[in-house]
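coords below, sequence missing:
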C-alpha cells in the first residue's frame, strides 16, 4: 500500500529464513481485513509503501534450524500476531503481549497479501493442520487467523455464559463472528446492531436473536426497549469508532461489560461517573490473542459444526487484490479472500 | 455545607418516618469521608446548603409499618447507599444500582453528620449488629459503612487472588483498606503509592510489602523496577484525579486490571491503543455496593482478626465537625470520627 487508496501488486524479493526461529510459508489462502481499511483511508505517502495482510494459511517451504515440530510441506495456519508461545504472557493466553512477538507487515516482516511470507517465532506461531483437510474448509480455517478468534476474544473477555444477554455492535466479519462466539458460549439473547441486511441475515444465521438497524440515541433506545430498559450485560464492540463506543455505553446494563475488539480510532473516551463509573461498568478487550483460542475453536471448524468461513463473500486472485480493497471499502463485499 | 469551605452545625427538624419502608436511626458514630472533601473544595453557594455525611451506625428509634426484622433499640449499621436488597441488581450484589436505592444527603434524605437520620428502604439497608458489641469495635464496624467496603470492592473487582501482585494508588482511608483487602484475598506483593509516612506505615501494618512515595513518571518507573519491568496485575485506584489514572495506566501489567474506587473527577480519559487497548488492560470499579460485602467482612471485624478502624486517627463531637473537615483537608487527620 503506497498511500491511502493506492494498493499495488509488485514484485518483491522472495522471503528467506533470516533467523533460526523463522519459517518461510508459501501462501494458499490470504484475505483483506477490515482493519486494513484504516490505512486504506489514512496512510500518508510519507509512511508508505507498507506490505499488507496478516491473515493466511499456507505450506511450509523452509524452516530455520531451531524450529521443531514442523516439516516442509505441512499445511499451517498463522495467527495475525506471531509469538513464541512459551513466555509467561503466552502461557497466560496473552500472545499479543509476547516480548518476542510482533505483527506482520512491520519491523522487517512482510505482509500476507503475497505469494510467500517469513514467519518469525515459527514454532510457537504456526499451527499444523491435519493432512488432507478438505479444501471446502479452508475459508473457515482462515477465519481462525483473525476475525473468528477476534470475535471470540470479545465474547470471552466479556465472560459470556449460558443464558446471557449480549449486544454486538458492528456487522463486519468480526461482529458477525462475535455473534457466533456468543452463541457458542450459550448466550440466550444476542442483539446485533448493523444496517446491511445481507450481513445481518448472516448474523441471524450465526445466532442473533434481534437486529437493530438504527444508530445513536435511536439505536440505544431500541436496545433498551428490548431489554426492559436495562440494556444487555455484555456489549461486544467490533467497530472502533467513537460513535460505536458511545452506543456501547448506552446499551450496557449496570454491572455489565463493554468488550472492545474494534481497533480504537480514538485515544480519549468517556469513562467517568456518567458513563462507566456510576453503573460499575467494566471496559476491556484489545488485540485478540487468537493463537490462544485456536485449540478451542479448531475442532468445531474441522467437523463442520460451525462455518465461520461464510463471512467470505468474494474471492480474488493476488493480482486483483486492489479490487478486493475497493469492494470492501465500498461495502460491496463483506470480506474478500485471496486465492492462489 | 453551605459552600466550599463553609460547614456549619445547624438545627434541623427531627427526621420522621415518611414512608412505611423508612426507619429513623439515632446516630452513635458518624464520620467525614474523603469524598466529602470534593464539595468542600468546589460546592457553589447556589448548590448549597447540603446535608452531609453518609457513614453511620446507630440505634433504631422508629420503624415504618412495612419494616420487619428490626426492632426499636437495635444497634444497626448502614451502607453509604440505601437499597431494597431484593431487586435483581441487589441479588447480584450491585446495590448501588438498585432502582429503589439512593444516597444520603440528596433527594430529600438527610445526611449522617447529624443526631438522627431517616433511612429509606430500611429493611434492605440496615444490618443489625450483635447486642452488647464491645464499644472498642465501633470504629472498625463503622468502616464497613463505606471505606472498608469500598477498598474491598476495588480488590474484589480486580479479582485479587492468592499470590497476586497489586499496586494501590492513594494512602487515604480507602487506599489503606484496599491494601488490607488485597492482603485478605491473598495478594503476595502489595505496592502502596503514597507520600504520608504515618499513613503508609499503617499501610505496611495492613499488608503493603512496598511503599513508593514518588509520583508520576518517577513513581511508575519505581513500580516497574520492582516488578521486572512488567507492572502489577492489579491496580487499585483510590484517588479519583487524572494523575492517579495516568499512574494506574503506567503501572498495570499487560492483561491486568485497573479497578477504580476513587470517584473520578474527570469524564474523559485515555483508553485507546496506547493506554488500555493495546495491552488488553481491563478498567472497572465504581461506587461500591458495600452492603454486598458486609456479611463477608463482618466476622473478622467482630472477632478482631482485622482492625480497619485504625484509619480513624481523630475524634470530634458533632459541634466540632467543621474542624474535622479542616483537619482532613489539611491532611492533619487521616479520617475523623464523629462521636455522640
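Received it, and whenever you're ready, just let me know what you need. Model, not experiment: these values are computed from the prediction.

do a quick rundown of the helices in chain A.
Taking DSSP state H to define them, one finds helices in chain A at A:37-42, A:88-91, A:122-125, A:138-143, A:147-157, A:173-184, A:197-206, A:216-226, A:242-251, A:290-302, A:321-329.

residues making contact with the last one?
Right, helix A:321-329. The set of residues that contact helix A:321-329 without belonging to it, under Cβ atoms under 8 Å, 6 or more residues apart in numbering or on different chains, is A:7-9, A:32, A:34, A:36-37, A:40-41, A:113, A:314, A:316, A:333-336, A:338. Placement of C-beta: from N, CA and C, glycine included.

restrict these to contacts with chain B.
When Cβ under 8 Å from any Cβ of the partner chain is applied, no member of those is adjacent to chain B.

filter these to the buried ones?
Among the contacts of helix A:321-329, those classed as buried by 16 or more other Cβ atoms under 10 Å in any protein chain shown are A:7, A:32, A:34, A:36, A:40, A:113, A:314, A:316, A:333-336, A:338.

which pair of the residues you listed spans the longest distance?
A:7 and A:334 (18.4 Å; Cβ to Cβ).

so where's chain A uncertain?
Applying pLDDT under 70 to chain A flags no residue at all.

what sits against the spatially most central residue of it?
Ranked by distance to the mean C-alpha position of chain A (Cα atoms, centre = their mean), the top residue is residue A:147 at 2.6 Å. Contacts here follow Cβ under 8 Å, 6+ apart; on that basis residue A:147 touches A:33, A:34, A:55, A:173, A:174, A:177, A:308, A:311, A:335.

one more: residue A:222?
Contacts here follow Cβ under 8 Å, 6+ apart; on that basis residue A:222 touches A:212, A:214.

redo that, cut-off 10 Å
By Cβ atoms under 10 Å, 6 or more residues apart in numbering or on different chains, the residues touching residue A:222 are A:191, A:193, A:210, A:211, A:212, A:213, A:214, A:215, A:251.

dump those residues to JSON lines, plus neighbour count and distance to residue B:161.
Formatted as JSON lines, the entries for those read as follows, by neighbours: other Cβ atoms under 10 Å in any protein chain shown; distance: Cβ to Cβ, whole Å:
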{"residue": "A:191", "neighbour count": "26", "distance to residue B:161": "33"}
{"residue": "A:193", "neighbour count": "31", "distance to residue B:161": "35"}
{"residue": "A:210", "neighbour count": "17", "distance to residue B:161": "37"}
{"residue": "A:211", "neighbour count": "19", "distance to residue B:161": "39"}
{"residue": "A:212", "neighbour count": "24", "distance to residue B:161": "38"}
{"residue": "A:213", "neighbour count": "15", "distance to residue B:161": "43"}
{"residue": "A:214", "neighbour count": "14", "distance to residue B:161": "42"}
{"residue": "A:215", "neighbour count": "17", "distance to residue B:161": "40"}
{"residue": "A:251", "neighbour count": "26", "distance to residue B:161": "31"}
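
farthest pair within these?
The distance between the two most remote of the contacts of residue A:222 (Cβ to Cβ) is 15.2 Å, for A:210 and A:215.

what comes up buried for stretch A:232-249?
So for stretch A:232-249, counting by 16+ other Cβ under 10 Å, buried means A:232-241, A:244-249.

so which residues on the stretch 51-200 of chain A come close to chain B?
Neighbours of chain B within the stretch 51-200 of chain A, by Cβ under 10 Å from any Cβ of the partner chain: A:88, A:89, A:92, A:93, A:94, A:96, A:97, A:98, A:99, A:153, A:157.

highest neighbour count among those?
Among those, residue A:153 has the most neighbours (other Cβ atoms under 10 Å in any protein chain shown), with 29 neighbours.

what number of residues lie near the closest residue to that one other than its chain neighbours?
In space, not counting the residues next to it along the chain, residue A:153 is nearest to residue A:288; the distance is 3.5 Å by Cβ to Cβ, 6 or more residues apart in numbering or on different chains. When neighbours are counted by other Cβ under 10 Å, residue A:288 registers 27.

which residues touch residue A:288?
Contacts here follow Cβ under 10 Å, 6+ apart; on that basis residue A:288 touches A:79-81, A:95-96, A:146-154, A:156-157, A:174, A:261, B:280.

ok, 8 Å please
Residues touching residue A:288, when contacts are defined by Cβ under 8 Å, 6+ apart, comprise A:96, A:146, A:149, A:150, A:152, A:153, A:154, A:261.

separation between it and residue A:116?
If you measure residue A:288 against residue A:116 using Cβ to Cβ, to the nearest Å, the figure is 25 Å.

check residue A:256 too.
Note on residue A:256: its distance to residue A:116, by Cβ to Cβ, is 45 Å.

ok so, going back, and the residues of the stretch 51-200 of chain A next to chain B, which two are the farthest apart?
Put simply, by Cβ to Cβ the two of those set farthest apart are A:99 and A:157, 21.8 Å from each other.

circling back to that earlier point, from the contacts of residue A:147, pick the one nearest chain B.
residue A:174 (14.3 Å; Cβ to the nearest Cβ).

ramachandran angles for the residue lying closest to that closest one once chain neighbours are set aside?
Leaving out its chain neighbours, the residue that sits closest to residue A:174 by Cβ to Cβ, 6+ apart is residue A:238, at 4.3 Å. Residue A:238 adopts backbone torsions of phi -120, psi 40, taken as degrees, to the nearest 10.

residues in contact with residue A:238?
Listed by Cβ under 8 Å, 6+ apart, the contact set of residue A:238 reads A:150, A:151, A:154, A:168, A:169, A:170, A:172, A:174, A:175, A:178, A:261, A:262.

perfect, that will be all.
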